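Structure for the following, please:
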Amino acid sequence: MHRFPLVILLLIICAVKCRMAKAEQSPGSGNVYTLASVREDLIRQEDTIIYGLIERAKFPSNSHTYDAKYAQIPGFCGSLVEFVVKNTEDIQAKAGRYKNPEENPFFPENLPPSSVPSYPFPQFLHPGAASININKSIWKMYLHELLPLLATSGDDGNYAQTAASDLSLLQAVSKRIHYGKFVAEVKFRDAPEDYEPLIRAKDREGLMKLLTFTSVEEAVRMRVEKKATVFGQEVSLDSNEDNEKRKFDPSVASRLYKNWVIPLTKEVQVEYLLRRLG
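Purely as a prediction, here's the structure:
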């Protein structure tokens, strides 16, 4: 049997390891965060949120979904949407979803540990990131401010389907907002000299000003509304049929970003930066 010389064998092993390392660090793998890759990911998340808005807009308000007195689920105190979200998060925690630093549960209390082998996610964020979770604010905003804009009044009885669409949209919005941790880390690494004095001084207002780019925020809002207009239109093969019928009002997507997603993302960034030097 032919045997490779030891030197050649070592070179082959080294080459394979180098290729594996490059693959693990490629932008597509999600293991490297740069300002460009983070922006690309944020743009892709816009699509997920808009489709979530479209799905939720299929149902009317269906107020019983959010009424704890109506649900009366044995052994559970809360509304149907709370029941769906809590139990789904329980299963997803067992499946390892919240091992990913990009994911943040709405009900983190007493979540079970993962039952599957953990993926070695890169330790990109400062450990203080784990203590930042503003999903309670997102939950309140969603139920009391966004839904009245998005859902028409009425009741069609599809409470379970409504709660399921709520869950998908809530998770998409939460991921987008908490992605501010990664945005803040990338910005800090690019210019630590700009951030460190403000962090040491605990200057929240100064950090917020440094993180605010009005022209960029306006461009994001306009892009989101344009996407919502395109994604939400009714498509017909009849070229003579007008295309004005919409699945939902695209301005809702714009308002979601302007009034809540962008401000809350910056809030997450400030909270992260204040922990960055700890």
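
where does this structure have low pLDDT?
Within the chain, the ranges that satisfy pLDDT under 70 run 1-31, 239-244.

quick one: residue 108 from residue 130, how far?
Per CB to CB, to the nearest Å, residue 108 is found 10 Å from residue 130. From N, CA and C alone the C-beta is placed, and that goes for glycine too.

Run a quick neighbour tally on the nearest residue to residue 161 once chain neighbours are set aside.
What sits nearest to residue 161 in space, not counting adjacent residues and going by CB to CB, 6 or more residues apart in numbering, is residue 59, at 6.7 Å. A count of nearby residues for residue 59, using other CB atoms under 10 Å, gives 23.

how about residue 59, what does it touch?
Shown in contact with residue 59 (CB atoms under 8 Å, 6 or more residues apart in numbering): 151, 156, 158, 161, 162, 165.

still on that earlier bit, joint contacts of residue 108 and residue 130?
With CB under 8 Å, 6+ apart, residue 108 and residue 130 have no common neighbours.

Going along the chain, name the helices of the stretch 51-200 of the chain.
68-71, 80-94, 135-141, 147-150, 159-178, 180-190, 192-200 (DSSP state H, counting those that start in this stretch).

Go ahead and name everything in contact with the fourth one.
For helix 147-150, contacts defined as CB under 8 Å, 6+ apart pick out 53, 56, 57, 61, 248, 249, 252, 255.

Could you do the third one as well?
The set of residues that contact helix 135-141 without belonging to it, under CB under 8 Å, 6+ apart, is 104, 105, 106, 170, 173, 174, 177, 260, 264.

and that helix, C-alpha only, in CSV?
C-alpha atoms of helix 135-141 as CSV (Å, rounded to 0.1, in the frame of the first residue of the first chain):
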residue,chain,number,x,y,z
ASN,A,135,-39.5,42.0,25.0
LYS,A,136,-41.9,43.2,27.7
SER,A,137,-41.9,46.6,26.0
ILE,A,138,-42.3,45.0,22.6
TRP,A,139,-45.2,42.9,23.8
LYS,A,140,-47.0,45.9,25.2
MET,A,141,-46.4,47.9,22.0
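
Tabulate the contacts of residue 59 (CSV), appending neighbour count and distance to residue 186.
As requested, these are exported to CSV (neighbours: other CB atoms under 10 Å; distance: CB to CB, whole Å):
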residue, neighbour count, distance to residue 186
151, 21, 36
156, 12, 44
158, 15, 41
161, 15, 38
162, 28, 37
165, 22, 32
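
from these, which single one is nearest residue 66?
Residue 66 lies nearest to residue 162 out of the contacts of residue 59, by CB to CB, at 9.1 Å.

and that closest one, what does it touch?
Residue 162 makes contact with 56, 59, 62, 65, 81, according to CB under 8 Å, 6+ apart.

cool, residue 267 as well?
Residues near residue 267 by CB under 8 Å, 6+ apart: 134, 180.

if you look at the contacts of residue 162, which of them are in strands?
Among the contacts of residue 162, no residue falls in strands (DSSP state E).

now those residues in CSV, with distance to residue 92?
What follows is these, written out as CSV (distance: CB to CB, whole Å):
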residue, distance to residue 92
56, 20
59, 23
62, 24
65, 20
81, 16
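
ok, and the closest non-adjacent residue to residue 200?
residue 277 (6.9 Å).

Would you list the phi and psi of that neighbour?
Residue 277 adopts backbone torsions of phi -100, psi 0, taken as degrees, to the nearest 10.

now swap in residue 234 and tell me
Residue torsions, per degrees, to the nearest 10, at residue 234 are phi -80, psi 130.

from here on, count from 53
Right, with 53 as the first residue, what we last looked at is residue 286.

Is there a neighbour count for the residue nearest to it when sequence neighbours are not counted? I'd like the number.
Nearest in space to residue 286, with sequence neighbours left out and distances taken as CB to CB, 6+ apart, is residue 297 at 4.4 Å. Residue neighbour count, defined by other CB under 10 Å, stands at 10 for residue 297.

you'd agree residue 297 is up against residue 284?
No - using CB atoms under 8 Å, residue 297 is not in contact with residue 284, being 9.6 Å away.

Flag every buried residue along stretch 145-156.
Going by neighbour count (16 or more other CB atoms under 10 Å), the buried part of stretch 145-156 is 145, 148, 149, 150, 151, 153, 155, 156.
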